[in-house]
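Novice: sequence? don't have it. structure:
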């Protein structure tokens, strides 16, 4: 296991992270099994970088995000954040660390308190962490945050339902930026939005990263084209493991893992002329239950390249080209 | 693409749907016209609130009333105006689920959780094809096999919660096609599903409608789905069609500012590195008290003086089968020039 102190260029390092949830049955909540939501993930995020996490529902991408911010406690493994292992810290010790990272949720209406004003929502982290002193500087900071995300500061006293979906997501982003974090976990930030709003929010996230400097994102989404557009590097997940990790420009041009190839082929490109020339191979079957994942390579029952060895050997993530990691016996 | 000499299977003319709310009347569909020919796959594209779903519910007379009302227009299907048929009369009941079938966005919520999959399929074939008892059950199993559900004989007695989302949608497709409808309407059929399941569903629907000679209307906001599966497109905004044409015309030479805006705001898997999205500024309009002018005007980067004074124009033909509802034709006014 890698226990060396991570270097200053990294904002986050996950070492063999495992998160599992118990399955209970009956009145006495007897444990009858475990779901390995995240099953041994190693990952780094550099300062100022956007790392995309992509995969189908149930692949563990959201669980990783929530374990990083310690909403879930890792079952084993380490979470190094800014040079400190936070995987075993208690609530009190976590407080100053949670200031340095924040979360943007998928559903902009569900994640905002409907009875609070927009200004109060955005300012809450400032109050909790006591980052400003005095009413005046508090108001100034909230107004600054509003302007930063493209909201009119005159709307500070309105409540969430008076905003549109896109504007609500901007409020969520402003709240995430309030404490000047070095890492923001964006969990499906645009999937609930309309096409024209999606582009506005994606551009905003990119502009903020350029403008603020040293802000890293973990961008979690199921939409490959969205992830590829915003990310510097992309990790593709399947059943709790990373199957491929590479620079986003390599992902489309030179995918190595059969699952990545299948995912890419499944995403239609909004251009009928390109679509005419593409092969429409469809991945067969469905994701197996994480309760009883297949032996060997978990993808083998759906893989069209499957070899006898794939049914017994578990592939490890290994570097096949510079910065390009694949976990496949045949790659 | 024109269809000379062909009468359309479905022709919707000037359809109007409104919802009367305490805040005012929402004109959800405001004079929508479109045609679907035999063996054709047509796409209705637009963002939430553009009236694409409301219009399809109106075709089936499934609009909840009140607050919804179909306030005008014709839906001509098989030489008959469906809007003149009584909502729950025998004619409409024969059409709904029989000649025109519909698949909804949330497969899980479209199935009754307390009845088995088999019971629900049997009900559909009993009502519309008169197959009861053992032959109904046999047909249900046959349908499950048709949509690719393994061990159909056993699974027919399962309940919806024992099926995954993708399998529920397969059941819905099977139920929709159970009585050999002439038209299948799929309202956002894949939005709630994963990409690989989405591809499976669309490929399945495409192959089945081709085999059964059924026309298909796909209602979606996903431009990729449209580009891959659809032959003709209607782009909708604020309850009206703003551009219509063949898929290649619309994507290759978009001529309405909204269509161009949509195309430039979606990321593409094959895009060049470092390319930036061009979002459409502003927000979709409030459909209460619409001005008489173009509803896209406040967000339009290409507007001219006339757009501000004259009413929203009618659809005008710019090419054979390609029509736009705009005073500015982007083809005669090059994009680069307009951006400068």
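Specialist: In hand now; what should we look at? All of these numbers come straight from a predicted model, not from anything done at the bench.
Novice: got the contact list for residue 102?
Specialist: All of this refers to chain A. Residues in contact with residue A:102 (C-beta atoms under 8 Å, 6 or more residues apart in numbering or on different chains) are A:69, A:125, A:175, A:176, A:177, A:178, A:179, A:181, A:183, A:184, A:185. Just so you know, the C-beta spots here come from the backbone N, C-alpha and C atoms, and that holds for glycine as well.
Novice: hm, I was asking about chain B
Specialist: B:56, B:60, B:62, B:176, B:184, B:185, B:186, B:187.
Novice: that one pairs with what?
Specialist: Here residue B:102 sits in beta bridges with residue B:185, as judged by DSSP bridges.
Novice: can you name the next helix or strand after the helix or strand in which residue B:218 is found?
Specialist: With elements taken from DSSP states H and E, the one containing residue B:218 is strand B:215-220. Counting by DSSP H and E, the next helix or strand C-terminal to strand B:215-220 is helix B:223-229.
Novice: show me which residues of that next one are buried.
Specialist: B:223, B:224, B:225, B:226, B:227, B:228, B:229 (16 or more other C-beta atoms under 10 Å in any protein chain shown).
Novice: for the spatially closest residue to the first one that is not a sequence neighbour, grab the count of nearby residues.
Specialist: On the basis of C-beta to C-beta, 6 or more residues apart in numbering or on different chains, the spatially nearest residue to residue B:223 that is not a chain neighbour turns out to be residue A:270, at 3.7 Å. When counting by other C-beta atoms under 10 Å in any protein chain shown, one arrives at 22 neighbours for residue A:270.
Novice: name the SS class of residue A:270, please.
Specialist: coil (DSSP: H, G, I helix; E, B strand; the rest coil).
Novice: who touches residue B:38 in this structure?
Specialist: B:6, B:9, B:182, B:213, B:215.
Novice: same question for residue A:38.
Specialist: A:17, A:18, A:19, A:20, A:60, A:63, A:64, A:67, A:240.
Novice: distance of the residue nearest to residue A:62 when sequence neighbours are not counted relative to residue A:236?
Specialist: The shortest distance from residue A:62 to any non-neighbouring residue, by C-beta to C-beta, 6+ apart, is to residue A:187 (5.8 Å). Using C-beta to C-beta, to the nearest Å, one obtains 17 Å as the distance from residue A:187 to residue A:236.
Novice: the more surrounded of the two?
Specialist: residue A:236 (27 against 22).
Novice: would you list the phi and psi of that one?
Specialist: Dihedral pair for residue A:236: phi -100, psi 130, per degrees, to the nearest 10.
Novice: what is it paired to in the beta sheet?
Specialist: Bridge pairing for residue A:236 - DSSP bridges - gives residue A:54, residue A:244.
Novice: pretty sure it contacts residue A:257?
Specialist: Yes. Between residue A:236 and residue A:257 there is a contact under C-beta atoms under 8 Å: 6.8 Å.
Novice: what do the two both touch?
Specialist: A:243, A:244.
Novice: spell out which parts of the stretch 1-150 of chain B neighbour chain A.
Specialist: B:47, B:48 (C-beta under 8 Å from any C-beta of the partner chain).
Novice: what parts of the stretch 201-331 of chain A come near chain B?
Specialist: Contact residues (C-beta under 8 Å from any C-beta) of the stretch 201-331 of chain A with chain B: A:202-203, A:206, A:222-226, A:228-229, A:248-249, A:252, A:262-275, A:280, A:282-284, A:286-287.
Novice: restricted to helices, list the residues you listed.
Specialist: A:202-203, A:206, A:224-226, A:228-229, A:248-249, A:252, A:262-266, A:272-275 (DSSP state H).
Novice: among these, name the buried ones.
Specialist: Buried residues within these, counting neighbours by 16+ other C-beta under 10 Å: A:202-203, A:206, A:224-226, A:228-229, A:248-249, A:252, A:262-266, A:272, A:274-275.
Novice: which ones are touching residue 314?
Specialist: All of this is about chain A. By C-beta under 8 Å, 6+ apart, the residues touching residue A:314 are A:296, A:297.
Novice: nope, chain B please
Specialist: Contacts for residue B:314 (C-beta under 8 Å, 6+ apart) come out as residue B:325.
Novice: just residue B:245 next, same as before
Specialist: Shown in contact with residue B:245 (C-beta under 8 Å, 6+ apart): B:232, B:233, B:319, B:321, B:322, B:323.
Novice: ok, 10 Å please
Specialist: B:1, B:232-235, B:251-256, B:259, B:317-324 (C-beta atoms under 10 Å, 6 or more residues apart in numbering or on different chains).
Novice: could you say which helix or strand contains it?
Specialist: Counting by DSSP H and E, residue B:245 is part of strand B:240-246.
Novice: one step back: which of the contacts of residue A:38 fall in strands?
Specialist: When those are checked against strands (DSSP state E), the matches are A:17, A:18, A:19, A:20.
Novice: residue contacts, the residue lying closest to residue A:264 once chain neighbours are set aside?
Specialist: Leaving aside its chain neighbours, residue A:264 sits nearest to residue A:255 (5.9 Å; criterion: C-beta to C-beta, 6+ apart). Listed by C-beta under 10 Å, 6+ apart, the contact set of residue A:255 reads A:236, A:244, A:246, A:261, A:262, A:263, A:264, A:265, A:324, A:326, A:331.
Novice: tell me which stretches of the chain form helices.
Specialist: No chain specified, so I'll use chain A. A:61-68, A:91-98, A:118-128, A:135-148, A:165-177, A:195-212, A:224-230, A:248-253, A:258-266, A:272-277.
Novice: switch to chain B, that's the one I care about
Specialist: Using DSSP H, helices in chain B cover B:52-59, B:90-95, B:107-110, B:117-129, B:133-146, B:152-155, B:165-176, B:195-212, B:223-229, B:247-252, B:257-265, B:305-309, B:335-339.
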